[in-house]
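1. Below are the sequence and a predicted model for it; my questions follow.
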Amino acid sequence: MSSAKKILVTGGAGFLGSHLCDRLIAQGHQVVCLDSFFTGSERNLAGLTGNPAFTLMRHDVVDPVRIEGLDEIYNLACPASPVHYQYDPIHTMKTSVLGALNMLELARATGAKVFQASTSEVYGDPAVHPQPESYWGNVNSIGIRSCYDEGKRAAETLFFDYQRAHKLRIKVVRIFNTYGPRMAADDGRVVSNFIVQALRGEDLTVYGDGSQTRSFCYADDLVEGFMRLMNSDDGVVGPVNMGNPGEFTMIELTERVLRLTGSKSKLVYMPLPQDDPRQRQPDIARAKALLGWEPVVELEQGLECTIAYFRAVLGS
């Protein structure tokens, strides 16, 4: 393939990173996957083992790294679920900020185009609904979630400062709730929580009264959006929201999971965690206009694929 590129994916052994590696390899690119394996898993890369176009590096983005000849960098490295990013909040903050800094410096050294996976958490508990990219957010800067929220906000700042100061080619995406195969069973995210609890016959844990909403985007749709943004004109830098604007309450999600798994699990209500957003829905007008992108996988279809994955993992 004459247009083959050498592409670095940080966090490439993670849930989303591994799907991205699969897609890039399938297109004929040479992929370097860099991961510390704090939340990533070599199982996610099983299909790439032995592929001569794929290289795996065990490395933490908090520490600088030199890789020659890169054309593109996708910076996905950071724990993305509350259970994982609150485990070591200082390291989470360092991963976001120092990781972004190190990837920007690597992009400067190699001339690579560099992509930052940011998050809808930069909007905090939003006072504007749905959330457009122009909204500056409502984030608690000293709360238990702020290591992630503020880390990602600082990473965005670095990206745009590097673009202005060093003319780097940057791309910034804000990811809304995403689900699919290769999610970790213990990551504490609502989709994996409900599915795993249902398959095990355990009570489904609903925080608050279950009326809070989320918008769930299937992993394949999101990876397609990543690649469209990376391959867009250099003038398209973002930030660009990517998520599924279909909005569901937690109760609606439990109903679908119970029906699709055939589980008889009951619901148990627990207090809402600190700073947990009550509404989350992306405005994806910018992604539609600039990239021609919008999700195509319906929640029902995506849940069926995710449930099948967890059945195989759990042996249920």
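-> Sure, I can see it.

2. Which residues are in contact with K113?
-> 71-73, 107, 169-171, 230, 234 (Cβ atoms under 8 Å, 6 or more residues apart in numbering). For every residue, glycine as well, the C-beta is placed using N, CA and C.

3. Just to be sure, which of the residues you listed are found in strands?
-> Using DSSP state E, the subset of these located in strands is 72-73, 170-171.

4. Please spell out the segments of this protein that come in under the pLDDT threshold.
-> Scanning the chain with the threshold set as pLDDT under 70 gives 1-2, 81, 275-276, 316.

5. CSV please, covering the contacts of K113 and showing neighbour count and distance to A155.
-> Shown next, in CSV, are the contacts of K113 (neighbours: other Cβ atoms under 10 Å; distance: Cβ to Cβ, whole Å):
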residue, neighbour count, distance to A155
D71, 16, 21
E72, 22, 18
I73, 26, 13
A107, 24, 13
R169, 16, 17
I170, 23, 11
K171, 25, 13
M230, 21, 17
D234, 10, 20
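
6. got TSV for those, with distance to G151 too?
-> Output for the contacts of K113, formatted as TSV (distance: Cβ to Cβ, whole Å):
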residue	distance to G151
D71	27
E72	23
I73	18
A107	19
R169	23
I170	17
K171	19
M230	22
D234	26
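
7. Wait, S265 touches L199, no?
-> No - using Cβ atoms under 8 Å, S265 is not in contact with L199, being 9.1 Å away.

8. between the two, what contacts are shared?
-> By Cβ under 8 Å, 6+ apart, no residue touches both S265 and L199.

9. Which one of these two is surrounded by more residues?
-> L199 (21 against 18; other Cβ atoms under 10 Å).

10. which residues does the spatially closest residue to Q131 that is not a sequence neighbour contact?
-> What sits nearest to Q131 in space, not counting adjacent residues and going by Cβ to Cβ, 6 or more residues apart in numbering, is Y123, at 4.7 Å. Applying Cβ under 8 Å, 6+ apart to Y123 gives the contacts 131, 135, 137-139, 174, 277, 280.

11. Can you name the residues bridging to the residue lying closest to V191 once chain neighbours are set aside?
-> Of all residues not flanking V191 in the chain, Y179 sits nearest, at 4.0 Å (Cβ to Cβ, 6+ apart). Beta-bridge pairing for Y179 (DSSP bridges): Y218.

12. looking at it, Y179 is touching T306, isn't it?
-> Yes - in this structure Y179 lies within contact range of T306 using Cβ under 8 Å: 5.8 Å.

13. Now do the shared contacts for the two.
-> In contact with both Y179 and T306: 191-192, using Cβ under 8 Å, 6+ apart.

14. how about the most far-flung residue of the chain relative to its centre, what does it touch?
-> The outermost residue of the chain relative to its centre, with distances by Cα atoms, centre = their mean, is K264 at 30.8 Å. Contact analysis of K264 by Cβ under 8 Å, 6+ apart lists 201, 258.
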